[in-house]
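Novice: A predicted structure for the sequence below; I have some questions about it.
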2 protein chains.
Amino acid sequence: MTTTPSSPIEQLREYLHTTRLLGTIHSTLYFDQNTVMPAAAAPWRGEQLALLARQIHQRQSSREFQDLLAAAEAEVRPEALAEEPAQAADRRHNLRLLRQELERQRRLDPALVGRLAQAQAQGYAHWQEARARSDFALFAPALEELVRLRQEQARQLAEPRSCWETLAQVFEPEVSHRRLAELFAPLVEGLPPLLERAAGLPPLPPADWDLPDAAQDRLSQALLQDWGYDPGRCVRARSPHPFSCTIGPADFRITTRVVPGLPFSSFLATAHEWGHSLYEQGLPRSDDHYFPWPLGEATSMGVHESQSLFFECRLARSAAFAERWHPRFCDALGRDAWGGPRRFWRALNPMRAGLNRVEADELSYSLHIVLRYELERALLEEGMAVAELPQRWNDGMERLLGLRPANDAEGCLQDVHWSEGLFGYFPSYALGHLISAQLSEALESELGPIEARVAAGDEAAIIAWLGRRVWPLGRRVNGEELVERLSGRPLDAMPFLRHLETKLAALAC
Amino acid sequence: MTTTPSSPIEQLREYLHTTRLLGTIHSTLYFDQNTVMPAAAAPWRGEQLALLARQIHQRQSSREFQDLLAAAEAEVRPEALAEEPAQAADRRHNLRLLRQELERQRRLDPALVGRLAQAQAQGYAHWQEARARSDFALFAPALEELVRLRQEQARQLAEPRSCWETLAQVFEPEVSHRRLAELFAPLVEGLPPLLERAAGLPPLPPADWDLPDAAQDRLSQALLQDWGYDPGRCVRARSPHPFSCTIGPADFRITTRVVPGLPFSSFLATAHEWGHSLYEQGLPRSDDHYFPWPLGEATSMGVHESQSLFFECRLARSAAFAERWHPRFCDALGRDAWGGPRRFWRALNPMRAGLNRVEADELSYSLHIVLRYELERALLEEGMAVAELPQRWNDGMERLLGLRPANDAEGCLQDVHWSEGLFGYFPSYALGHLISAQLSEALESELGPIEARVAAGDEAAIIAWLGRRVWPLGRRVNGEELVERLSGRPLDAMPFLRHLETKLAALAC
């Protein structure tokens, strides 16, 4: 807490600092809600969160904020001449990002913001009921309203982009249909043959084993210890759905769950969420200087997901990792349920199409995303009626994955995103796979094969590389720029497809 | 969240509702800080809490609040004629309590409030260091400043009471030196002979046993299950110091710790904190209607403590309880370390003087309080120099308890309260013992002996009595009025001394 800020930029920093305090208070309540809060407390917690959300929104669009930002932009500081050019460039970049966000906030009619919040709450409630009864019709009117309001939101934002593109910017800056077409076409073409090839893999070991809660916990704890977990700055907890969150410049938390009958679930989720958390921990804010500034933030959901997927799929599902961890899992279980480390590795990589996105492996996952992206575009930009969604979903699943859901619950009602009108988010998951694969190639060109590093128990070198090359960039580059800077080439799908082919070939041996 | 409040009283209720939301957000952060937050997160959490404290203080003294309260006071509602007299009386009472608190806030110079907050932060830091090094001189200057500021606070409050009395009002409404002299004199006279008599009790069973963490946890869980714990509204957690807190109208939390070598500590702390929590759960706010109004709050720290002490000392340390729980403790330990239920009961009641307040049993506890009260009065009202405190403390311990601390850490630096300038708080602990004892007599006159109820496993009847007669009163009565209403007599020390004599006699058998 600086006393008597002396310049417009410092006053702006103070203002952002307080906004960030409120944001992380909100995160603390969210964490508490999902890890310990008793069920009956939900309505009161909802009111607490809504109060904080109003305060944060008010600060982000207030006249005071506008004036502070304008003053900082107008400032020509005498000492700026003596300043490092990099520092001056950072400051300009930070102000540019703040201006962009403020203008977005200002273009929105507050009445629309209020209606959206209401429609999201109602959408979520109706979706929960519709999913429980597996009856899309119960959710359809709420979804229609959300589509309408999001279209109105995009109109008010008035960006030189399509409706869907406009809505997707907050998740993936500069994303466009043109680029997604280029990136996803090879997936639509390349993944189905790979799935067919995977059907010929050696059969999966029998799933006749499970691990006690405490044993899963010990394995996850051991994994984190290997991967640099610092209990002085980090927290692990349990929640119904795994997540990662940052509550302060030295307060990083991840949660997982134990699912009976899915004994890898908690362990792999630990790897996944720890990837998210390491990215957050590595953002350029270690001395708190950057914590309130945009450049210190994660650059996109795709990059965030690339880091979690890297730790889950490239490390924890690798052959070398399976080799090293097979004895630990045998110890935890009291026997070898798989028949050696190679079949243990096979168990970690089912490579099978399924109806559910969240449970999909790296081979089929992106096809779930392509389907959702197609349908969002149809809903928002091509006049598709909401009522057509179940049929279109089921047809798409059959076309892309060769499976047809038996009902809406395992079909178009499975994800929470649309219940809150979150359109434009899904592609980030698939981009995460592509970014992870291309960054992996860049990493391997410097450090040698990931498999060799993992075999040597030297994940530290890999983590250090990411901590040097990827995480400190924050919002200086968007997802595509990050990949191009580190790999020397624009992002494309080939590294990901190559990785899958290599893995399938190895699994077939 | 009511929409468009239609009357001044409803507008005031909305305002208080928001203030309460902020207060319980503060409590959530406090709970998180003490149960899961990683150590390195402390500075950021400090800033979050300070921001909320500023917001809450601002709301409690704002012009808007003053206007809303004045409008509610001035309101003569047409429907008030049709209203139940009890409802109208409650409303007047609520407004009176709000007016009293607002006037207290308004009389304070904001500059003093700021200086106090700073002095408390510094006092706490210096006290921690002083205690770690057992060197009072390191804390003395900070304490001098706190005494000076609290004296100034009492002057600004300008109540027709002494300085100490004025400061104690927030903990114990209407408390006075005159009453404390009447209540404590019998303790100073009566407790030392009882302590002497206790020295002749059969020796304590050997303390050569301890319980694993998980076993202590199971016993505490079983206790709570017997005593009406509802996991849908309540949470148990671990923290360095046990506490109870209320985070919403249906969100009640208690924490305990496991202390190696003190295997009863966590179990008895569970009983104690659950007493606090049941009182909070029983306050008249079940439908949320009273949550923002003063009448729905705990009436005093003494009454709060009377409830926690009742569950700890009158129930969990009773002979009948020991009889019933001895087998469970034998099961948990795998053997009978005590030699039967009566000696197990003896182990639960050491009845020995010690140097430490927190670890004191019900026989010696109040003498620790008398000492602190004498010293606070001397510091604030009788011109005693801060530098004299260690000597006066040690002399007082010798006079009251027959023991002399070997150093400041086990002497006048042991408690946190003075480090934050909390003068006037300590007597509530002793009042808790007196109130618990007198309410117990009232309860027994209706339900028969507590021991008989506990022997029958019928604590539910006892809890129901408290839930009917004590908890729903909230701030309608202060501590003394509560006792008089339920026992028909003014509060005095005799029920407590009688209880101790009876217990000593039983322990001697």
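Specialist: Okay, I see it.
Novice: Could you verify my assumption that A:Leu401 touches A:Leu367?
Specialist: Yes: counting by C-beta atoms under 8 Å, A:Leu401 touches A:Leu367, with 5.4 Å between them. The way it works is simple: take the backbone N, C-alpha and C, and place the C-beta from them, glycine included.
Novice: The two: who's more crowded?
Specialist: A:Leu367 (24 against 20; other C-beta atoms under 10 Å in any protein chain shown).
Novice: Next, show the common contact partners of A:Leu401 and A:Leu367.
Specialist: A:Ala353 (C-beta atoms under 8 Å, 6 or more residues apart in numbering or on different chains).
Novice: Sticking with the closest residue to A:Ala493 other than its chain neighbours, tell me its helix or strand.
Specialist: Once flanking residues are discounted, A:Ala493 sits nearest to A:Pro186: 4.0 Å by C-beta to C-beta, 6 or more residues apart in numbering or on different chains. In the assignment (DSSP states H and E), A:Pro186 maps to helix A:177-199.
Novice: Can you mark which positions in that helix are buried?
Specialist: Along helix A:177-199, these residues count as buried under the neighbour rule (16 or more other C-beta atoms under 10 Å in any protein chain shown): A:179-180, A:183-184, A:187-188, A:190-192, A:194-195, A:197-198.
Novice: Which other helices and strands does that helix contact?
Specialist: helix A:365-381, helix A:389-401, helix A:427-447, helix A:494-508 (3 or more C-beta pairs under 8 Å, 6 or more residues apart in numbering or on different chains; DSSP states H and E).
Novice: what's the offset of it from the middle of its chain?
Specialist: Distance of helix A:177-199 from the chain centroid (C-alpha atoms, centre = their mean, to the nearest Å) equals 21 Å.
Novice: And stretch A:89-108, by the same measure?
Specialist: Here stretch A:89-108 is found 23 Å from its chain centre; the criterion is C-alpha atoms, centre = their mean.
Novice: cool, stretch A:418-427 as well?
Specialist: 13 Å.
Novice: if we look at it, which residues are touching it?
Specialist: A:116, A:119-120, A:123-124, A:126-128, A:139, A:142-143, A:146-147, A:149-150, A:164-165, A:167-172, A:175, A:180, A:184, A:301-302, A:369, A:372-373, A:376, A:379-380, A:417.
Novice: how close does A:Trp209 sit to A:Gly261?
Specialist: 10 Å (C-beta to C-beta, to the nearest Å).
Novice: can you check A:Glu410 too?
Specialist: On the measure of C-beta to C-beta, A:Glu410 and A:Gly261 end up 17 Å apart.
Novice: Of the two, which one has the most company?
Specialist: Ranked by neighbour count (other C-beta under 10 Å), A:Glu410 and A:Gly261 place A:Glu410 first, with 17 against 8.
Novice: In three-state terms, label the more buried one for me.
Specialist: Secondary structure, DSSP: H, G, I helix; E, B strand; the rest coil: A:Glu410 is coil.
Novice: What of the one 4 residues further on?
Specialist: Assigned state for A:Gln414: coil (three-state reduction, three-state DSSP).
Novice: residues near it, how many?
Specialist: For A:Gln414, the count of nearby residues is 17 (other C-beta under 10 Å).
Novice: can you check the one 4 residues further on too?
Specialist: If you count neighbours by other C-beta under 10 Å, A:Trp418 ends up with 25.
Novice: So for it, what's the pLDDT?
Specialist: You'll see A:Trp418 listed with a pLDDT of 96.
Novice: just the one 4 residues further on next, same as before
Specialist: A:Leu422 carries a pLDDT score of 95 in this model.
Novice: And for the one 10 residues further on?
Specialist: For A:Gly432, the pLDDT comes out at 98.
Novice: So in chain A, which helix runs the longest?
Specialist: Criterion DSSP state H: the longest helix present in chain A is helix A:8-35.
Novice: how big is the angle separating that helix from helix B:8-35?
Specialist: 80 degrees (axes from the mean of the first three to the mean of the last three C-alpha atoms, to 10 degrees).
Novice: Only the buried residues of helix A:8-35, if you could.
Specialist: A:8-9, A:11-35.
Novice: what does stretch A:500-509 give?
Specialist: A:Leu500, A:Lys503, A:Leu504, A:Leu507.
Novice: returning to that earlier point: and chain B, is the longest helix of chain A touching that?
Specialist: Yes: residues of helix A:8-35 are located near chain B by C-beta under 8 Å from any C-beta of the partner chain, namely A:Thr18, A:Leu21, A:Leu22, A:Thr24, A:Ile25, A:Thr28, A:Leu29, A:Phe31, A:Asp32, A:Thr35.
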